[in-house]
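Enquirer: got a structure for you, letters missing:
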């Protein structure tokens, strides 16, 4: 709960301004609490329609909270001042291959045919767990959430498809039930989980070795609960290999003016 | 879904009238769908205040949907015509001991000091599972739901206390998540479950051997989910040993005019 208490008065616009000015460069976890943060994906117009269809067909891993007009780096519905080129602390730029360049802004990257997609993330859900006094083991341990590639297939749209990636949080059984109920109320933060219990059923051979993030923390008697994860569209984009794609650096989210509670789905 | 389809036009008042006339004598499962049915407990006034406190302190096993005035067999809030002496198909009468007499009405039993308590049951929740096309294994198999005495303790009130009894339904993990979400919306049908997964954690030594009801039905990969059960107050009453107590015969519920959806908690 510490980060929430520390920055409780920070507005999303203040935080974006600080990120834009370069005075805030770290992860956005726990900052501007109560507001949706988003995964960012920027693609050329040639790929935009397929990617939009992919998000709509896979709302649990890809809950769309905003889409920009081609060439326009603004998303007014998410913040009057919001600028996709400068308001994320660190970007990854992919140029048709699996490797990427890490940049602090998109000054030399932005093109007139680029479309930005903002996809909900789990931060606001984790805030609600903490408000409900449900222990979130990886946060308490100061680790990243463990993430796994599963045998659950996304619904394909054009070149975008592939496996669903999930994040795992472990709870006592009673807390797992409460976490399921709370998460279902936040469809823009991936909604209800996609699996509970035996990891092998969704193609995870070894819970101790996640594909992304840090090793999991489980207490005796814990039940693992698996949510669709915003890394899913990143994997789909990497496999679709557009000539240019930009994503945020993990943890460095796009902070929006959209309240986390009561927000409705859709751009 | 068969019973629901068959009697979809039956009103609660029609069904109560048929039970009162003796033309319907069987269990009420699946009848007058869309309306709350209740567990019934009738106790002398001397025990009523403690039992009321017990229900309020334990809303998951004992969600109160109605209480009568002492000596008055009516509960107008649950049905203008409703009569606790005649509107249940079969009653159990306990007279200070563990054995009971089964009677078809309370003509020779009712006293001026009796208070009736109507407590929500899981039927309306099971209806919502079926509407959501979530298989309910014991219903498909034509069995009673399996019930277990647990090591979870109720909150004591006067002579009323003891262990929580739970019912178990097994689902695929994805359906278990949906069932949790659906049940949480029905606090008068026991609400969200109290446990998921390992039965031993709540003191159930052998899932295959329930304390009440029939043996469970599990498919490969199923997760057992445990809900607080309306048998809990019956066990508490049996151990409190009032000089007179009446309950319904299992499955023979009190049918009310209260819609299952959107009903609020409280008498």
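Expert: Sure thing, it's come through. Since the structure is predicted, the reported quantities are computational estimates derived from the model, not experimental observations.
Enquirer: number of nearby residues for residue A:147?
Expert: Here the count is done by other Cβ atoms under 10 Å in any protein chain shown, and residue A:147 has 22 residues near it. (Each C-beta comes from the backbone N, C-alpha and C, glycine too.)
Enquirer: So what sits opposite it in the bridge?
Expert: Residue A:147 forms beta bridges with residue A:167, residue A:212, as assigned by DSSP bridges.
Enquirer: residues in contact with it?
Expert: Shown in contact with residue A:147 (Cβ atoms under 8 Å, 6 or more residues apart in numbering or on different chains): A:165, A:166, A:167, A:168, A:210, A:211, A:212, A:213, A:229, A:231.
Enquirer: Would you agree the third one is in contact with residue A:226?
Expert: This means residue A:167. Yes: contact criterion Cβ atoms under 8 Å: residue A:167 and residue A:226 qualify, at 7.2 Å.
Enquirer: re the thing from before, which of the contacts of residue A:147 count as buried?
Expert: Buried positions within the contacts of residue A:147, assessed by neighbour count (16 or more other Cβ atoms under 10 Å in any protein chain shown), are A:165, A:166, A:167, A:168, A:210, A:212, A:213, A:229, A:231.
Enquirer: got a list of what the fourth one touches?
Expert: If a contact means Cβ under 8 Å, 6+ apart, then residue A:168 has A:145, A:146, A:147, A:148, A:199, A:207, A:210, A:216, A:224, A:225, A:226, A:227 as its contacts.
Enquirer: repeat for residue A:41
Expert: Residue A:41 makes contact with A:51, A:116, A:117, A:119, A:233, A:234, A:237, A:245, A:246, A:247 under the criterion Cβ under 8 Å, 6+ apart.
Enquirer: hmm, 10 Å instead?
Expert: With contacts defined as Cβ atoms under 10 Å, 6 or more residues apart in numbering or on different chains, the neighbours of residue A:41 are A:47, A:51, A:55, A:62, A:115-119, A:230, A:233-234, A:236-237, A:245-248.
Enquirer: Could you do residue A:109 as well?
Expert: With contacts defined as Cβ under 10 Å, 6+ apart, the neighbours of residue A:109 are A:42, A:85, A:91, A:93, A:95, A:101, A:103, A:244, A:246.
Enquirer: do the same with residue A:226
Expert: With contacts defined as Cβ under 10 Å, 6+ apart, the neighbours of residue A:226 are A:146-148, A:150, A:152, A:164, A:166-169, A:193-197, A:199, A:201-202, A:204, A:207, B:173, B:177.
Enquirer: run the last query once more with 8 Å
Expert: Residue A:226 makes contact with A:148, A:150, A:166, A:167, A:168, A:193, A:194, A:195, A:196, A:199, A:202 under the criterion Cβ under 8 Å, 6+ apart.
Enquirer: per-residue confidence for the third one?
Expert: pLDDT for residue A:166: 97.
Enquirer: try the last one
Expert: Among the per-residue scores, residue A:202 holds a pLDDT of 98.
Enquirer: Likewise for residue A:1?
Expert: The predicted local confidence for residue A:1 comes out at a pLDDT of 37.
Enquirer: ditto for the one 10 residues further on
Expert: Predicted confidence (pLDDT) at residue A:11: the value is 94.
Enquirer: That one: what's it in contact with?
Expert: Residue A:11 makes contacts with residue A:32, as judged by Cβ under 8 Å, 6+ apart.
Enquirer: what do you get for residue A:53?
Expert: Residue A:53 sits in contact with A:157, A:158, A:160, where contact means Cβ under 8 Å, 6+ apart.
Enquirer: out of those, which one sits closest to residue B:139?
Expert: residue A:157 (38.1 Å; Cβ to Cβ).
Enquirer: That closest one touches residue A:51, doesn't it?
Expert: Yes: in this structure, residue A:157 sits in contact with residue A:51. The criterion is Cβ under 8 Å, and the distance is 7.4 Å.
Enquirer: more neighbours, those two?
Expert: residue A:51 (27 against 19).
Enquirer: quick one: average pLDDT of the strand or helix carrying the more buried one?
Expert: Using DSSP states H and E, the secondary-structure element containing residue A:51 is helix A:45-57. The average pLDDT within helix A:45-57 is 97.
Enquirer: Buried residues of it, list them for me.
Expert: Neighbour counts using 16+ other Cβ under 10 Å place A:47, A:48, A:50, A:51, A:52, A:54, A:55 of helix A:45-57 among the buried residues.
Enquirer: Quick check: the gap between the first one and residue B:78.
Expert: The spacing between residue A:47 and residue B:78, counted by Cβ to Cβ, to the nearest Å, is 59 Å.
Enquirer: cool, the third one as well?
Expert: Residue A:50 sits 56 Å away from residue B:78 when distances are taken as Cβ to Cβ.
Enquirer: gap between residue A:21 and chain B?
Expert: The gap separating residue A:21 from chain B is 43 Å, by Cβ to the nearest Cβ, to the nearest Å.
Enquirer: Now that residue, what are its backbone angles?
Expert: Reported as degrees, to the nearest 10, the phi and psi values for residue A:21 are phi -80, psi -10.
Enquirer: Distance check, it against residue A:38.
Expert: Distance of residue A:21 to residue A:38, computed by Cβ to Cβ: 20 Å.
Enquirer: Of those two, which one has the most company?
Expert: Looking at residue A:21 and residue A:38 with other Cβ under 10 Å, you find the greater number of neighbours at residue A:38, namely 28 against 9.
Enquirer: Do you have the strands of the stretch 1-150 of chain A handy? List them.
Expert: Assigned strands in the stretch 1-150 of chain A, in chain order: A:35-44, A:64-67, A:91-94, A:100-103, A:114-120, A:147-153 (criterion: DSSP state E, counting those that start in this stretch).
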